[in-house]
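Student: Need a 3D model of the sequence below.
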Amino acid sequence: MANEFYALMGRMRYITRWGLMRNTFSENISEHSHMTAVLAHALALIRRDILNLPTPDPDRCAVAALYHDASEILTGDLPTPIKYYNPEIKQAYKQVEWVAGNRLLDMLPAQLRKSYEHYVLEDEEALLPFVKAADKLSAHIKCLEEQKAGNTEFDTAAKQTWDSMKAMDRPELDWFLDNCLGAFALNLDQL
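Tutor: Predicted coordinates for the structure are as follows:
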């Protein structure tokens, strides 16, 4: 296969997240990846420009977040309770994601593969903490939006994502939680 990569990226919108939950509105991996990219970029900028801490290029953090779930185009979205049930399943799924990521990379022209490799395979260590924090933050925001719509089904997930974010011990994430997260509880008129 060659050159199908971009067409497959466009199919991210057909893969829904939160498959085990009753949703008031569905979220697909395209929407999630966009929000994760916005948040990863913001977290890197906060770390660099507000906290004056060393950080990788915020633009690279955003691009890494755009592609962080790319392998799900081929694998689908495995629900979190299954994906992280035990270390063996988690490791096996990482291998499945790696195989799917390489298959996607094979769909690029050879000259472009190297440019996408680290993003699709998620193997650039400096970017991972920003993408992971943004990924969890995006999930938490989805929980808050569901709760705001009266959907108590997301109460447990909201607590779990909150606890997970606090355990990351990322000062830029803590700054965002203290200074920006509250706005997600506002309606359009209040914003």
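Student: what residues are up against the residue nearest the centre of the chain?
Tutor: The residue lying closest to the centre of the chain (CA atoms, centre = their mean) is D135, at 3.2 Å. Applying CB atoms under 8 Å, 6 or more residues apart in numbering to D135 gives the contacts T36, A65, H68. From N, CA and C alone the C-beta is placed, and that goes for glycine too.
Student: Next: T55.
Tutor: By CB under 8 Å, 6+ apart, the neighbours of T55 are A44, R47, R48, C61, F130, E172.
Student: and those residues as CSV, adding pLDDT, neighbour count and secondary structure?
Tutor: Formatted as CSV, the contacts of T55 follow (pLDDT from 0 to 100; neighbours: other CB atoms under 10 Å; DSSP: H, G, I helix; E, B strand; the rest coil):
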residue, pLDDT, neighbour count, secondary structure
A44, 98, 26, helix
R47, 98, 24, helix
R48, 98, 16, helix
C61, 98, 29, helix
F130, 98, 28, helix
E172, 98, 21, helix
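Student: Quick check: the closest residue to P56 other than its chain neighbours vs H34, distance?
Tutor: Leaving out its chain neighbours, the residue that sits closest to P56 by CB to CB, 6 or more residues apart in numbering is A126, at 4.3 Å. Distance of A126 to H34, given as CB to CB, to the nearest Å: 22 Å.
Student: So which other helices or strands are in contact with the helix or strand encompassing L74?
Tutor: Following DSSP states H and E, one finds L74 within helix 72-75. With contacts defined as 3 or more CB pairs under 8 Å, 6 or more residues apart in numbering; DSSP states H and E, the packing partners of helix 72-75 are helix 5-9, helix 87-105.
Student: Good, we can wrap up now.
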